[in-house]
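Student: let's see this in three dimensions:
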Amino acid sequence: QVQLVESGGGLVQAGGSLRLSCAASGRTFSSYAMGWFRLPPGKEREFVTAISGSGRTPYYADSVKGRFTISRDNAKNTVYLQMNSLKPEDTAVYYCAAGYVISYLNSDYEYWGQGTQVTVSS
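Tutor: Prediction:
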């Protein structure tokens, strides 16, 4: 069982930056691939980025490539999402998720956090 808690969301102006954190419980954090997904208002949840347990294989959605960076610190059981050059269309509830395989599919992740709101004003 893994419990995930996101933090770091908030309100930011377009062009600004935010750093989200996701703290995980449990002693086997490094064995999980970690993903970030987001739920924009009025839309379905979508893939943002994911990283392997070792941290060597990040994947990004085209919409965030070059602006967002995922990283993890296995010693701290934490995964991060650095978001730069934010746009109003990045406004969403952001969720972290843990799974046994790195994937862009919601269904491949076993555990989910409660989400953190990110609002980007124009």
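Student: contacts, neighbours, all on C-alpha from now
Tutor: Will do.
Student: can you spell out which residues form a bridge with the residue nearest to residue 88 when sequence neighbours are not counted?
Tutor: In space, residue 88 comes closest to residue 120 once its chain neighbours are excluded; the distance is 4.7 Å by CA to CA, 6 or more residues apart in numbering. Counting by DSSP bridges, residue 120 is bridged to residue 12.
Student: local confidence estimate at residue 120?
Tutor: In this model, residue 120 is scored at 98, pLDDT.
Student: what of residue 1?
Tutor: For residue 1, the model assigns a pLDDT of 83.
Student: contact partners for it?
Tutor: Contacts for residue 1 (CA atoms under 8 Å, 6 or more residues apart in numbering) come out as residue 26.
Student: what do you get for residue 94?
Tutor: 36, 37, 38, 39, 115, 116, 117, 118.
Student: and it, how close does it get to residue 28?
Tutor: 23 Å (CA to CA, to the nearest Å).
Student: picking up where we left off before, can you redo the contacts of residue 94 as CSV with distance to residue 9 and neighbour count?
Tutor: Listed next are the contacts of residue 94 as CSV, based on distance: CA to CA, whole Å; neighbours: other CA atoms under 10 Å:
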residue, distance to residue 9, neighbour count
36, 13, 27
37, 13, 23
38, 12, 23
39, 13, 18
115, 9, 22
116, 5, 21
117, 5, 19
118, 5, 22
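Student: what's the closest of those to residue 8?
Tutor: Distance to residue 8, by CA to CA, is smallest for residue 116 among the contacts of residue 94, at 7.3 Å.
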